[in-house]
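Student: show me how the following folds:
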Amino acid sequence: MSDANAGSGVEVFVAKKIITMNDGWPTCTAVAVKNGMILGVGSLETLKPWLKDGYTVNTTFKSKILVPGFIDPHMHPLIGGVAASLPCLAYYDQPNPYGKDHVGLKTKEAVKQKLVEYLKERKDDPNPLLCWGYDQIALGGHLDAEFFEFLDEIPEPWARKPVAIWDASMHYVYTNRSCIDFCEVTPERCLKAVPTGDIILKKGKPSGTFLGNHATGIILSKLVGVITTPAFNVAAMKRVIDLSVQNGLTCVSELGLGLMDLKAEMELFPAIFNDETCPVRCVAVVHQLALEAHTKSKEEAVTLVKKLHAEETPRFCFSGVKFFTDDAFVGLTMQLCGCPGYIDGHKGIWLTDPGETYTDKVEPYWKEGIQIHVHSNGDDAQNSTIQLLADLQARHPRFDHRFTFEHYGISTVAHARKLKALGACASVNIYYPHLRGELNENHIGTERSHMSSRLGTLLKYGVPTALHTDTPIAPPSPLGEMWVAVNRFGQSGAVLAPAERVSAEAALRMVTLDAAYLLKKDHLIGSIEAGKCADFTVLDQDPLTVPPAQINNIKIWGTVMSGVARKASTIHTWVPKIAMPPSKS
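Tutor: Numbers count the residues shown, from 1 in each chain. You can find the predicted model right below:
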């Protein structure tokens, strides 16, 4: 580092190459920063007009590649962090930012053995055992209370405690009978939560199988409050943030603020992210059901959303309200069209019924100019969500609304064309083909399974598109997302639907500038250009020139966020200053 009459507060970062994502000035070797904002880009020579009053040259990255700070526009730092911090039963290996990774469990027998191990470890803990990560597609089906009867053969008292398994998609819960009793689950409660109660009742009694977000709430509303503590929740959030920083993210998101406790989260999130020592910024989208449970009317809910937007900061800001059309891609309860539907004939789950009533739910927010994000996985869900947007536009036409289809798992060319015509965006979980493409062949057919997350089609028809992980569904790894988008490797190494691959440059744009665009924050982040936040990801190699199959192997030095450089290896030095407050509701 050199000091050229420093005193102006201007710091010039120099690098082997800086990829700006600004079409007008795509690369450079130096970027001038002051007070966490970018003054200009170019070279030391072309930046001289900004350097007349003195400057500092930072050569730390002289042999590195800088790209705009990575952004994940759909993840869950709190509830995802809670799930990832629970005893793990995942089929796929799960990263641990602090040590040894979880090794995936490949059989139901391995799941049973791990459950016994966890119960023994917690034999003196009076609380129920809640685990996360079971994969019903990979391991051969849903579980019910009968699955847990193997514990009856163990004479120890710890084998009698309430046990629940939260599945990998976070849309299902499976319990033993002790847990059903602990959570005071009755047939009446089941039918109130899910009118089609047959999905959770067996011979008129709770079966221990709770499918869909509405059904899981019957169990999780009790268990999460019992098992988690303020300190646990803060540590869970830190876990996701630290993993994100290790993978080069400078901006995370919460696509469901309020899933646990909106009042508490509205205190927790700004306290964490507005702390200048926090290494990432966050964009939050408020969960519609949590929002309306917290307020007395739609009008009050809209007012609260506007208030949150008015009070946002560059470190913690908002991007509208989230709705749900259908259920899970991972567990295959998303809504598919009746022809061809699922091979075994089972039906998906609507989380919001299609039609005018859906439009009525969304209209109060839409007509007030609030951005709408919609969880929409299956092809029939795309039909419903497209109709929703068309109806909203007919009632109250809007420009630059950035209505966003979230996940966009199964779709057609016709869907992409309609998204374009309606001015919609797509935030796509690109891990679906990599993790599920081959698993789903016998459930939805090879071509639809392989063509999930159709990036190539979306780009062909001009739909603004970004990539996300929906952490903890997949780890927050933008280089991993790029690698899948460019190669579309399945678990076997085969290329799945090669026509849906995109270029490395397009994939990089989807985890930087286009991700910022979908969150309506592209005026602040997403590219390295004058007037934006000085957020950079520091790489050892150029993701646009390495062999495509090697993108996920690029080493990450760390990040620069608001002009402050942080090595990925120093995540332990950041300690949140806030404990999650108890709920006042």
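Student: for the residue nearest the centre of the chain, grab phi and psi.
Tutor: Residue closest to the average C-alpha location in the chain (CA atoms, centre = their mean): Met75, at 1.8 Å. The phi/psi pair for Met75 (degrees, to the nearest 10) reads phi -150, psi -180.
Student: with the one 5 residues further on instead?
Tutor: Gly80 adopts backbone torsions of phi -70, psi -40, taken as degrees, to the nearest 10.
Student: mind checking the SS state of the nearest residue to it once chain neighbours are set aside?
Tutor: Spatial nearest neighbour of Gly80, chain neighbours left out: Pro472 (4.3 Å); criterion: CB to CB, 6 or more residues apart in numbering. The way it works is simple: take the backbone N, C-alpha and C, and place the C-beta from them, glycine included. Put simply, Pro472 is coil when judged by DSSP: H, G, I helix; E, B strand; the rest coil.
Student: can I assume Pro472 is in contact with Val82?
Tutor: No. Using CB atoms under 8 Å as the test, Pro472 is too far from Val82 to be in contact (9.1 Å).
Student: so where do the strands sit in the stretch 301-450 of the chain?
Tutor: 316-324, 372-376, 404-407, 425-429 (DSSP state E, counting those that start in this stretch).
Student: dump the ones you listed to JSON lines, plus mean neighbour count.
Tutor: Output for the strands of the stretch 301-450 of the chain, formatted as JSON lines (neighbours: other CB atoms under 10 Å):
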{"stretch": "strand 316-324", "mean neighbour count": "24"}
{"stretch": "strand 372-376", "mean neighbour count": "27"}
{"stretch": "strand 404-407", "mean neighbour count": "28"}
{"stretch": "strand 425-429", "mean neighbour count": "27"}
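Student: for those strands, give me CSV that also has distance to Leu66 and mean pLDDT.
Tutor: Converted to CSV, the strands of the stretch 301-450 of the chain look like this (distance: least, CB to CB, whole Å; pLDDT from 0 to 100):
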stretch, distance to Leu66, mean pLDDT
strand 316-324, 24, 98
strand 372-376, 30, 98
strand 404-407, 28, 98
strand 425-429, 25, 98
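Student: Leu519: which of those strands is closest?
Tutor: Closest to Leu519 of these is strand 316-324 (CB to CB; 4.6 Å).
Student: who does the closest one pair up with?
Tutor: strand 281-287 (parallel), strand 372-376 (parallel) (DSSP bridges).
Student: mind showing which ranges of the stretch 101-250 of the chain have poor pLDDT?
Tutor: 196-199 (pLDDT under 70).
Student: all helices of it, in order?
Tutor: 108-121, 177-182, 187-193, 213-227, 230-246 (DSSP state H, counting those that start in this stretch).
Student: Throw those helices into CSV and include distance to Arg566 and mean neighbour count, thanks.
Tutor: Output for the helices of the stretch 101-250 of the chain, formatted as CSV (distance: least, CB to CB, whole Å; neighbours: other CB atoms under 10 Å):
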stretch, distance to Arg566, mean neighbour count
helix 108-121, 34, 16
helix 177-182, 42, 20
helix 187-193, 44, 15
helix 213-227, 31, 20
helix 230-246, 7, 22
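Student: save those helices as JSON lines, and put in distance to Leu513 too.
Tutor: Listed next are those as JSON lines, based on distance: least, CB to CB, whole Å:
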{"stretch": "helix 108-121", "distance to Leu513": "42"}
{"stretch": "helix 177-182", "distance to Leu513": "46"}
{"stretch": "helix 187-193", "distance to Leu513": "41"}
{"stretch": "helix 213-227", "distance to Leu513": "32"}
{"stretch": "helix 230-246", "distance to Leu513": "18"}
